[in-house]
Every structure is written in structure tokens, then in C-alpha cells.
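A.B. asks: build the 3D model from these lines:
(chains A and B)
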Amino acid sequence: MTPAGVLAAGAASGDLFVAQNVFFGVIALVMIVSAIRCVTTRNVVHAALWLVLVLAGAAAQFILLGSEFVAVTQVLVYIGAIIVLFLFGIMLTKASMGDDDSVAGEKRLMAGLVAVLLAVVMGIALVDSYSDTRVVIDEPQRFAAVSDAIFSQYIVAFEAVSVLLLAALIGAIVVARKE
Amino acid sequence: MILNQFLLLAAILFCIGVYGVLARRNGIMVLMSVEIILNSVNINLVAFGAFRDHVAGEVFALFVIAVAAAEVGIGLAIVLLIYRNRRSIDLTEADLLKG
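C.D. replies: Model prediction:
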């Protein structure tokens, strides 16, 4: 099924976007289950691999929203670089053991309480604010429009990010270097 | 598609990330949970960008990805340093600044 076909079908059936909604549901379910497994699993390497599923799902959601460039960047930077960095960090710290349950019980209860409360508050706020606002994707976002915006309107932020990355690079080397 | 489905997904992911940050004691796991949080923010940004039909959402999602990369680099360096000094990355033991 081509994206163009999906878009055309959606436009023809009065912005119902059935195929997109089905894909959204499947991907969202995978993302939520993976995220829960990621934060609860005892094995840190498994957690990193569950995180890959969450990040890939986010990339798929970006494609559904018509912004391929962010999706490609997500795959390159997150799945390509950051996960590898995490795996190296796990390797260097020999952190394969998970948390022990001795002290963690109460902490987990409180954290779960905070998370559920936050979810309820945000859910109510979102349902109240955007209950039937529709997002209509006429055409995928062009690379050219994004790059035009980055290199004209947001050039200062772009340069600041490049300086930030350089500072982070030097900082990471200085912090992690052996004396 | 309804805008809310993306926003609610992002909210749920955000809460899962918050749970991870609060509940886990392993430094690397906390960093991973922060990544989940940043990803949920990115979904929000891109969804609103598509809703408004404006590139700002995507541009700032890209900036968030870049800043997240820097954050993970520094964060893992700090975790590595903690491990080198204490032979453990349990964050509850890293309480030197606690009065």
C-alpha cells in the first residue's frame, strides 16, 4: 500500500483515514507495551532493546504525520547512535544486573502513583481541549521547507545547537577521561 | 486522524518515562527513561506541526533530537565516572551532596 494511495483513500472517504488509524493503533499499542517493558524489565540490555521498539514506533508515527525527515533523523540519530551509546555504557559499567527489590518496593509504588496521577491530569486536560480537533495531512512535509526554515528563520538556534554539540563532545571526553 | 490520539499517546509515554525516572535506581535506566520522555515531546511537536501545517514543529523536533544526543553523551560520561569512583551505578548511593 503506497502512502499516496492511503492519502487519496482517506481524502475520498471524508477524512476518515481508516488505514492510518489502524496503523496508528497497532503502532501505539506496540510503543506503550515496549515502553512499559523498558522501564520495568530487570535486564538492562533488554531494556535498551525495548527502547529500540519505542523509538522505531515514534519514527513510524512521524511518517503517519507526514514528516519523513524527522522520522529518518529519528532512525539515524536515536536507533543508530544513541542506542549504540547506551549499549556501550552498559558494557563499560557491567550494569547487567537489574535493581534489587529490597528497597525498591515503596519507591515503585510512589512512582506509579505519580505517573498515574499525571496521566489522569494530562488526559483530562487533552480530552477537554482537543476533543475532536482533526489533523489533516494533505501532503507530506517537503524536505525543502524544513531546511529553508532551519537555515533562515531558525539559523541562530541551529548555530547554538552546533556549539552545544561541540561543548557536549568536549565535556564528555573531559568527564570520562582517565586521569 | 484526530489530533488527540497523538497527544494522548505522547502523554501516556511521558508518564511511563516519568515512572522510569522515579522508580529505577540504575543510572543508565534513568537515562533511557529520559529518552522516552523526550520522544513523547517530539511526537507532540510533530503532531502540532502537522495540525497547524507549519514547519516549526518539525524544526524543533529536530533540535530536541540534537539536544537529546548531547544529553545522552554527557549523561553516560557522568554515569561512567560514578561507576569508576564507586564501582556501582546505583543512583541512591550517589548522595554526596545530600546534607
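A.B. asks: once you drop chain neighbours, what's closest to the most centrally placed residue in chain B?
C.D. replies: Nearest residue to the geometric centre of chain B (C-alpha atoms, centre = their mean): B:V34, 2.3 Å. Distances taken as C-beta to C-beta, 6 or more residues apart in numbering or on different chains place B:V21 nearest to B:V34, at 6.4 Å, with adjacent residues excluded. (C-beta placed from N, C-alpha, C; glycine too.)
A.B. asks: likewise for A:Q61?
C.D. replies: Per C-beta to C-beta, 6+ apart, closest to A:Q61 is B:I43, 5.7 Å.
A.B. asks: which parts of the longest helix seen in chain A are buried?
C.D. replies: Ranked by residue count under DSSP state H, the longest helix found in chain A is helix A:101-129. For helix A:101-129, burial by neighbour count (16 or more other C-beta atoms under 10 Å in any protein chain shown) applies to A:A104, A:R108, A:A111, A:V114, A:A115, A:L118, A:A119, A:M122, A:G123, A:L126.
A.B. asks: roughly how far apart are the second one and B:M29?
C.D. replies: The gap separating A:R108 from B:M29 is 13 Å, by C-beta to C-beta, to the nearest Å.
A.B. asks: likewise for the fourth one?
C.D. replies: Plainly put, A:V114 is 17 Å away from B:M29 if you go by C-beta to C-beta.
A.B. asks: what about the helices in chain B?
C.D. replies: Taking DSSP H, the helices of chain B run over residues B:3-23, B:27-52, B:56-86.
A.B. asks: quick one: low-confidence ranges for chain A?
C.D. replies: Where chain A drops to pLDDT under 70, the residues are A:1-16, A:95-104, A:140-141, A:179.
A.B. asks: just the strands in it please.
C.D. replies: For chain A, applying DSSP state E gives no strands.
A.B. asks: returning to what we had before: which among the buried residues of helix A:101-129 are in contact with chain B?
C.D. replies: With the criterion set as C-beta under 8 Å from any C-beta of the partner chain, the members of these near chain B are A:A104, A:R108, A:A111, A:V114, A:A115, A:L118, A:A119, A:M122, A:G123, A:L126.
A.B. asks: you'd agree the second one is up against B:R25?
C.D. replies: Spelled out, that is A:R108. No: using C-beta atoms under 8 Å, A:R108 makes no contact with B:R25, being 10.3 Å away.
A.B. asks: about what we covered before: tell me how many other residues surround the residue nearest to A:Q61.
C.D. replies: Neighbours of B:I43 under the rule other C-beta atoms under 10 Å in any protein chain shown: 25.
A.B. asks: you'd agree it is up against B:L13?
C.D. replies: Yes: counting by C-beta under 8 Å, B:I43 touches B:L13, with 7.3 Å between them.
A.B. asks: could you find the closest non-adjacent residue to A:W50?
C.D. replies: Closest to A:W50 by C-beta to C-beta, 6+ apart is A:C38, at 3.8 Å.
A.B. asks: number of residues surrounding that neighbour?
C.D. replies: 25.
A.B. asks: would you agree it is in contact with A:L55?
C.D. replies: No: the criterion here is C-beta under 8 Å, and A:C38 misses it with A:L55 at 10.1 Å.
A.B. asks: alright, calling it a day.
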